[in-house]
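Trainee: can't give you the sequence, but here's the structure:
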Ligand SMILES: C[S@@+](CC[C@H](N)C(=O)[O-])C[C@H]1O[C@@H](n2cnc3c(N)ncnc32)[C@H](O)[C@@H]1O
């Protein structure tokens, strides 16, 4: 190999190795944060709020951007059939070290099929999204009729001063993570008008951690036809699975079309879910294995 080509290849390998190290450090950091008492408590409360919206005893649940897996684990502890997905394989490796009853797979939000799960959650995902509205539309489309979307995000109250004032009231373990979070956010929050395409009567907002964080829940009507505010799902249904295949996602009722299978299922209001119909659908990670 000519010397210039060899040094270009070596450069690319160094960049790839650097990215892996950064990824692994990020996963360790988030694992540390997810072990903080206040962080566990507020996410547990959010999980309970979302579960209270469904009558299904063991709803399917997908947590998108799961990081090291806290929300999926909490949901599984409460009886949900929970899967966490994250685009960063280092996060999935970290999550799989302590999976509890949850499952984890590498994957991105846009690989989710319409109607993938009864509950779709996203915690601290939208703040960093380049296009929160489009991300929310994707997540909303992934919610099955009768299900709910759960969003957990900091509010404009998440400032260093307010976090300091509350720090002594939260559980002792890793409470310094609250100050780090407040420093990172500094009172900035994702713009909730990104949710405006979902009718306001379907949405509820609940304060968590004294209002520094909030849980937004959007409940999808139980309807045989996709909701009017769900253009993506409407398009997919009209053209069968074609559109889904083009985007590399699993269409409703399709066992698996590329991408990832999450145990999604076809369900109408006349077809109540049972736990047995879920366990028959495999979960596959990006490596094609069933974890
Ligand atoms: C700030 S972390 C939050 C982790 C966890 N949800 C929590 O609340 O602790 C955001 C996570 O979302 C993941 N992520 C970002 N965009 C994503 C996408 N489009 N699809 C899947 N995961 C994504 C990142 O890799 C990262 O692990």
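Mentor: Nice, thanks for sending it over. This one's a predicted model, so the numbers in the text were calculated from it and none came from an experiment.

Trainee: show me where pLDDT drops low in the stretch 1-150 of the chain?
Mentor: 15, 21 (pLDDT under 70).

Trainee: where do the strands sit along it?
Mentor: For the stretch 1-150 of the chain, the strands defined by DSSP state E, counting those that start in this stretch cover 60-64, 81-86, 103-106, 117-123, 143-154.

Trainee: would you point out which residue is most central in the protein?
Mentor: residue 64 (1.9 Å; C-alpha atoms, centre = their mean).

Trainee: is it true that that residue touches residue 124?
Mentor: No. Proximity of residue 64 to residue 124 does not meet the contact threshold set by C-beta atoms under 8 Å, at 11.0 Å. For glycine as for every other residue, the C-beta is placed from the backbone atoms N, C-alpha and C.

Trainee: contact residues of this protein facing the ligand?
Mentor: For the chain, the contact set with the ligand under C-beta under 6 Å from any ligand atom comprises 30, 34, 64-67, 70, 85-88, 91, 108-109, 123-125, 128.

Trainee: change it to 8 Å
Mentor: With C-beta under 8 Å from any ligand atom as the criterion, the chain meets the ligand at residues 26-27, 30, 33-34, 39, 43, 63-68, 70-71, 85-88, 91, 107-110, 122-125, 127-129, 135, 152.

Trainee: elements contacting the helix ranked longest in the chain?
Mentor: Using DSSP state H, we find that the single longest helix of the chain is helix 3-34. When contacts are defined as 3 or more C-beta pairs under 8 Å, 6 or more residues apart in numbering; DSSP states H and E, helix 3-34 packs onto helix 89-97, helix 176-185.

Trainee: in the last one, what's buried?
Mentor: Neighbour-count burial for helix 176-185, with 16 or more other C-beta atoms under 10 Å as criterion, is recorded at 177-178, 180-182, 185.

Trainee: quick one: it to helix 3-34, angle?
Mentor: 120 degrees (axes from the mean of the first three to the mean of the last three C-alpha atoms, to 10 degrees).

Trainee: residue of the stretch 151-291 of the chain nearest the ligand, please.
Mentor: With C-beta to the nearest ligand atom, the shortest gap between the stretch 151-291 of the chain and the ligand falls at residue 152, namely 6.7 Å.

Trainee: distance of the nearest residue to residue 36 once chain neighbours are set aside from residue 51?
Mentor: For residue 36, ignoring the flanking residues on the chain, the nearest one in space by C-beta to C-beta, 6 or more residues apart in numbering is residue 174 at 3.6 Å. Distance of residue 174 to residue 51, given as C-beta to C-beta, to the nearest Å: 25 Å.

Trainee: which of these two has more neighbours?
Mentor: Per other C-beta atoms under 10 Å, whichever of residue 174 and residue 51 has more neighbours is residue 51, with 21 against 18.

Trainee: wait, isn't that one in contact with residue 78?
Mentor: Yes. Contact criterion C-beta under 8 Å: residue 51 and residue 78 qualify, at 5.8 Å.

Trainee: relative to residue 109, how far out is residue 159?
Mentor: In terms of C-beta to C-beta, residue 159 sits 29 Å off from residue 109.

Trainee: neighbour count: the two, which is higher?
Mentor: Legend: neighbour count by other C-beta under 10 Å for residue 159 and residue 109, higher for residue 109 (21 against 18).
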